[in-house]
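Colleague: need coordinates for the below:
(one chain, ligands or ions: 1)
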Amino acid sequence: MTSVGIDAVEIWTGKLKLDLPETFAPAQGDDPEKYTKGLGLEASSFPDTYEDIVTMGANAAKRLMDRKGLAPDDVGRIDVATESAFDNSKPVSTYVAGCLEQVYDGDFHHANKGERKFACISGTQALDDAYNWIAAGRNRGRAALVIATDTALYARDSSGEATQGAGAVAMLIDEDPSVVALSHEQGYGSADETDFLKPQQQFPSVDGKRSMQVYLARMREALEDFESQASTHPEDFAYVPFHTPFPGMVRKAGLLGYRHIARNTDLETEIAEEIGRQPREEDFDDREGYEEAIQSYMDDLKRTEQYQDWYDAAIEPTLSISRQVGNWYTGSVHIARVSALLSAAETGRGLTGDRLLVASYGSGAQAEIHAETVREGWREEVEALTVDEQLRRRYDLTFEEYERVHDAHNHDLDTEVEEFTQPSGEFVHAGWGRMNERKYEYVE
Ligand code: COA
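Modeller: Numbering: from 1, shown residues only. Take a look at the predicted model:
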């Protein structure tokens, strides 16, 4: 089988920005460092009043199709991953296709369309579905469009409010890809959990602290499952992009992951000279004693040069976009990958043939780990991105404006709010149809 993976990627950020240390923290009466140092966030992206999951997804997809010179006939599958859907029947991908058909000759009538749901992990699951479709030889030479799009809004004054975000990632999945090829091997950690859910409601019910524990527990299971098939030695991977609800979460996941993948390797032996070997459960009489020893080992590990060097090289570069935009739910792990590749391009690092270990997570809950091999065209693809410009051009909201924008996107409120930015060369939400469907148009 030829390799299958991501041939191109595009990003669309919500066009508004909430500065967390400057604007949100003072209004909450919080120390700004809770956001910048604790959560690791500088800002959140928000959708302007004419933006939603469809416009952001369609705008990212159009940018991708234009850049790759694609016509609708080249695409045999459109899957949208989201946890912000507004319809229990009609999938977001039909709206996205409808938008794209307004601006391209031809149509997507012969493309299979769907919507994937499993909290934040569904973007990776949609990638997986596209991979399987192509690997099974059912694609008739056509590529798949996978779009992860979310407005990650939380109820006002809830614990998650600081980690909000909005944006879309469009990925073209194809044979012989230019950016990364996906590994055949995968590891899963999956269990029935109630850490974060939206039972027929717009804003999530969240047990924030529990969701962090569940993230780590499922991630460990996924790692064990992956390790049963393939190597996870830290030196085998240039970068480790994690699902990033906020960078502080990845700081915890990185430490746990490193302890795991360094175990029984030359690295554990090297580190042991300074802090001893990792505690093994069989050496303890009870679980409590073992857990105390693990905690103390982790505190020491965090301070070792080996761990800090690995974190600075393999993890830190994956967090740069997330720090500026907050949580994009289904798109979050995919912007972590883009951040890493952009960092390599900026520093002139050669990456072709190097590997990434990609760690996805969705509440409810499931983690998945797979590897990716960077392909020759990666640099050209990421250098074509306009992420920095998009982030720079966002409208910087005052707190009072933020409150109005939040209300404008609240499905239970009927609030008229003027837009803050002028749309240009993009799809916008233009109103409602007779069956309460959303209407979209392209603004030149
Ligand atoms: N300076 C530096 N750090 C500070 C600080 C300050 N002034 N004030 C707080 N912090 C640190 C805290 O110690 C904590 O770090 P730690 O976990 O390493 O100890 C971090 O900032 C967050 O502070 P905390 O008080 O725990 O925040 P919170 O309880 O208000 O909210 C979440 C944290 C994650 C519970 C909340 O953002 C949430 O519910 N998010 C949505 C769910 C989510 O994203 N889950 C993740 C898994 S998917």
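Colleague: for the ligand, what are the nearby residues on this protein?
Modeller: Counting by C-beta under 6 Å from any ligand atom, the chain comes close to the ligand at 31, 33-34, 37-39, 159-160, 162-163, 206, 208-209, 211-212, 215, 245, 248-249, 363. No exception for glycine: its C-beta is placed from N, CA and C like everyone else's.
Colleague: tell me who's in contact with R355.
Modeller: Counting by C-beta atoms under 8 Å, 6 or more residues apart in numbering, R355 makes contact with 236-238, 371-374.
Colleague: ok, it to E418 distance?
Modeller: The gap separating R355 from E418 is 48 Å, by C-beta to C-beta, to the nearest Å.
Colleague: wasn't Q306 part of a strand?
Modeller: No - applying DSSP: H, G, I helix; E, B strand; the rest coil, one finds Q306 to be helix, outside a strand.
Colleague: that one reaches T265, doesn't it?
Modeller: No - contact criterion C-beta atoms under 8 Å: Q306 and T265 do not qualify, at 11.0 Å.
Colleague: residue ranges with poor pLDDT in the stretch 51-200 of the chain?
Modeller: Within the stretch 51-200 of the chain, no stretch has pLDDT under 70.
Colleague: could you pull out the helices in it for me?
Modeller: With helices called from DSSP state H, counting those that start in this stretch, the stretch 51-200 of the chain shows them at 53-68, 92-103, 122-135.
Colleague: and the last one, what's buried?
Modeller: Neighbour-count burial for helix 122-135, counted by 16 or more other C-beta atoms under 10 Å, picks out 122-131, 133-135.
Colleague: likewise the longest one?
Modeller: By neighbour count with 16+ other C-beta under 10 Å, helix 53-68 contains the buried residues 53-65, 68.
Colleague: next: the shortest one.
Modeller: Going by neighbour count (16+ other C-beta under 10 Å), the buried part of helix 92-103 is 92-100.
Colleague: quick one: mean pLDDT over stretch 233-251.
Modeller: Mean per-residue pLDDT for stretch 233-251: 98.
Colleague: can you show me the CA trace of it as PDB?
Modeller: Taking C-alpha atoms only, stretch 233-251 is exported to PDB below (Å, rounded to 0.1, in the frame of the first residue of the first chain):
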ATOM      1  CA  HIS A 233      11.400   5.800  22.600                       C
ATOM      2  CA  PRO A 234      11.500   9.500  23.100                       C
ATOM      3  CA  GLU A 235      14.400   9.900  20.700                       C
ATOM      4  CA  ASP A 236      12.300   8.300  17.900                       C
ATOM      5  CA  PHE A 237      10.000  11.400  17.700                       C
ATOM      6  CA  ALA A 238      10.800  15.000  16.700                       C
ATOM      7  CA  TYR A 239       7.600  16.300  18.200                       C
ATOM      8  CA  VAL A 240       4.700  15.000  20.300                       C
ATOM      9  CA  PRO A 241       1.500  17.000  19.500                       C
ATOM     10  CA  PHE A 242      -1.100  16.500  22.200                       C
ATOM     11  CA  HIS A 243      -4.800  17.500  22.300                       C
ATOM     12  CA  THR A 244      -4.400  20.900  23.900                       C
ATOM     13  CA  PRO A 245      -7.500  22.200  25.800                       C
ATOM     14  CA  PHE A 246      -4.900  24.600  27.300                       C
ATOM     15  CA  PRO A 247      -1.100  24.300  27.400                       C
ATOM     16  CA  GLY A 248      -1.100  23.700  31.200                       C
ATOM     17  CA  MET A 249      -2.900  20.400  30.500                       C
ATOM     18  CA  VAL A 250      -0.100  19.300  28.100                       C
ATOM     19  CA  ARG A 251       2.500  20.200  30.700                       C
END
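Colleague: and it, which residues are buried?
Modeller: 234, 237-251.
Colleague: show me these that map onto helices.
Modeller: 247-251 (DSSP state H).
Colleague: with distance to Q278 added, can I get those in a markdown table?
Modeller: Converted to a markdown table, these look like this (distance: C-beta to C-beta, whole Å):
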| residue | distance to Q278 |
| --- | --- |
| P247 | 25 |
| G248 | 24 |
| M249 | 23 |
| V250 | 21 |
| R251 | 19 |
